[in-house]
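**Student:** No sequence on hand, only this structure:
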């Protein structure tokens with residue numbers, strides 16, 4: 001059973017279904033655009049999720065059926081001077097980075113328009129499931145600016161430099177089927193099934209050892225920023241650390257006894 005939790009957030013809704021938290025950006029009147037207040041709230045909610053031992057996975061989506069996050073709030077961007085623009089860029093980078101750095105899986109459930117800062121937030125999530133009506137893109141160059149919330153760095157890592165440059169420099173929009181084909185999203189599902197599919201993915205992860213999931217997330221995240229030999233060394237260290245855990249011994253024992261493992265995060 002899903003429950004909506006009371007909160008002080010003005011622009012977000014938080015729903016809990018067992019160990020899964022769903023964060024809904026709730027500004028449908030502006031297609032869920034990101035203003036400064038919403039960015040700050042997303043960071044606060046992300047950090048609260050990360051520190052909550054009862055919650056094991058986070059799903060991020062947008063209110064309504066039309067838009068995931070349509071981008072930054074243009075009304076706030078227009079009057080910025082260079083210092084203010086750099087400040088909002090750093091804020092956006094920090095906020096989406098808080099999702100990427102989470103030691104528990106973060107899944108973007110992309111419903112509809114996903115442009116600019118919304119696309120950059122989706123890129124920072126560990127996995128992305130898109131609805132059939134999803135359209136993604138980084139159109140900033142058409143406004144005389146560049147992606148400022150990490151898009152120039154994460155998109156090439158995800159789809160390759162050539163494809164990323166084409167999308168960034170042209171500002172071309174990508175429909176769901178192409179997004180799946182180029183690896184921008186993990187898969188595409190009907191809009192009506194989007195939340196359910198995101199929860200199924202989260203549940204498939206939650207049945208595994210939580211210490212191992214956290215270690216794998218960290219190994220992949222760090223490894224993407226390291227030379228291969230350094231990344232392999234870090235992987236070996238994580239492998240060794242987990243060998244001392246009670247969870248590893250429980251996992252092996254459960255496998256041999258042909259029963260579900262009972263992990264204790266120890």
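**Tutor:** Cool, the structure landed. The structure displayed is predicted, hence computed values, not measured ones.
**Student:** hey, where'd the strands end up in the stretch 101-250 of the chain?
**Tutor:** Here the stretch 101-250 of the chain has its strands, by DSSP state E, counting those that start in this stretch, at 106-110, 113-115, 127-131, 135-137, 174-175, 187-189.
**Student:** which residues make contact with the fourth one from outside it?
**Tutor:** Counting by CB atoms under 8 Å, 6 or more residues apart in numbering, strand 135-137 makes contact with 110, 112-116, 119, 122, 130, 167, 171-176, 179, 184-185, all of which sit outside it. The way it works is simple: take the backbone N, C-alpha and C, and place the C-beta from them, glycine included.
**Student:** longest helix of the chain?
**Tutor:** If you go by DSSP state H, the chain has its longest helix at helix 82-100.
**Student:** packing partners for that helix?
**Tutor:** Here helix 82-100 touches helix 36-51, helix 74-77, helix 117-124, going by 3 or more CB pairs under 8 Å, 6 or more residues apart in numbering; DSSP states H and E.
**Student:** try 10 Å
**Tutor:** helix 36-51, helix 74-77, strand 106-110, helix 117-124, helix 151-159 (3 or more CB pairs under 10 Å, 6 or more residues apart in numbering; DSSP states H and E).
**Student:** That helix to strand 106-110, inter-axis angle?
**Tutor:** 110 degrees (axes from the mean of the first three to the mean of the last three CA atoms, to 10 degrees).
**Student:** re the thing from before, looking at the helices and strands packed on helix 82-100, which is nearest to residue 195?
**Tutor:** Among the helices and strands packed on helix 82-100, strand 106-110 comes nearest to residue 195, with 6.0 Å by CB to CB.
**Student:** got a pLDDT number for residue 250?
**Tutor:** On the pLDDT scale, residue 250 is placed at 75.
**Student:** what do you get for residue 255?
**Tutor:** pLDDT at residue 255 comes out at 82.
**Student:** Over to residue 264?
**Tutor:** Per-residue pLDDT puts residue 264 at 78.
**Student:** do residue 260 as well
**Tutor:** Note for residue 260: predicted pLDDT of 84.
**Student:** Quick check: which ranges of this protein have low pLDDT?
**Tutor:** The chain contains residues with pLDDT under 70 at 1-7.
**Student:** domains in it, as residue ranges please.
**Tutor:** Described in terms of automatic domain parsing, the domain architecture of the chain consists of the residue ranges 3-206, 210-256.
**Student:** could you dump those domains to TSV with distance to residue 265 and mean neighbour count?
**Tutor:** Shown next, in TSV, are these (distance: least, CB to CB, whole Å; neighbours: other CB atoms under 10 Å):
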stretch	distance to residue 265	mean neighbour count
domain 3-206	8	19
domain 210-256	5	14
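**Student:** Nearest to residue 262, out of those domains?
**Tutor:** Per CB to CB, nearest to residue 262 of those: domain 210-256, 6.2 Å.
**Student:** picking up where we left off before, from the chain's centroid, how far away is the longest helix of the chain?
**Tutor:** 16 Å (CA atoms, centre = their mean, to the nearest Å).
**Student:** Can you check what angle separates it from helix 36-51?
**Tutor:** Using the same axes, to 10 degrees, the inter-axis angle of helix 82-100 relative to helix 36-51 is 30 degrees.
**Student:** The helices and strands packed on helix 82-100: which one's closest to residue 258?
**Tutor:** With distances scored as CB to CB, the stretch of those nearest to residue 258 is strand 106-110 (30.0 Å).
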